[in-house]
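> sharing a sequence plus its predicted fold:
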Amino acid sequence: MPTYEYGCYDCRKKVSIYQSYEDYGVVPVTCPRCGGKRLKRLISRVRIVRSEEARLDDLSDLDALGDIDENDPRSVARAMRRMSQEFDEELPPEFDEVVDRLESGQSPEEIEQSMPDLGGDLGGDDFDF
Ligand SMILES: [Zn+2]
């Protein structure tokens, strides 16, 4: 079952919640820490690249992903572009910027530092409920 990352409005923590694909977006989620119901789905493509090995289990048909060199931002950027075509999730607007920065040679760490909204920062008013 896939893990979805949420930010909890009530306890201000980032939590991981298991949901089936059928339940995702249908069954309301509850914060496992405080029981709060005001959760926001967090999406970080940088993190997905880092956990690439785990994700590859799900994407084992994507042979092209096998040649990622994590130490080469351009290689990561290419992989992210390929992955973006395979994920049927909506991509956050930051995605293109992250890929552009990777292609220009920035490391994921540098990008995260300069884009504090990445990685699930709960700041901002873009909760959609
Ligand atoms: Zn909570």
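All right, it came through fine.
> and the chain, which residues reach the ion?
The chain has residues 8, 10, 11, 31, 33, 34, 36 near the ion, with proximity defined as C-beta under 5 Å from the ion. The C-beta positions use only the backbone N, C-alpha and C, and glycine is treated the same way.
> of the residues you listed, which is the most crowded?
Taking other C-beta atoms under 10 Å as the neighbour criterion, residue 8 ranks highest of those with 22 neighbours.
> how near is it to residue 42?
Going from residue 8 to residue 42 by C-beta to C-beta, to the nearest Å gives 10 Å.
> list residues touching both of those two?
Listed as contacting both residue 8 and residue 42 by C-beta atoms under 8 Å, 6 or more residues apart in numbering are residue 14.
> quick one: mean pLDDT for whichever helix in the chain runs longest?
The longest helix of the chain (DSSP state H) is helix 73-86. When pLDDT is averaged along helix 73-86, the result is 80.
> avg pLDDT for the helix or strand containing residue 98?
Of the helices and strands defined by DSSP states H and E, residue 98 is found in helix 94-103. The pLDDT scores in helix 94-103 average 85.
> cool, and stretch 15-25?
Here the average pLDDT along stretch 15-25 is 87.
> mind checking the end-to-end distance for that stretch?
In stretch 15-25, first residue to last residue: 16 Å (C-alpha to C-alpha, to the nearest Å).
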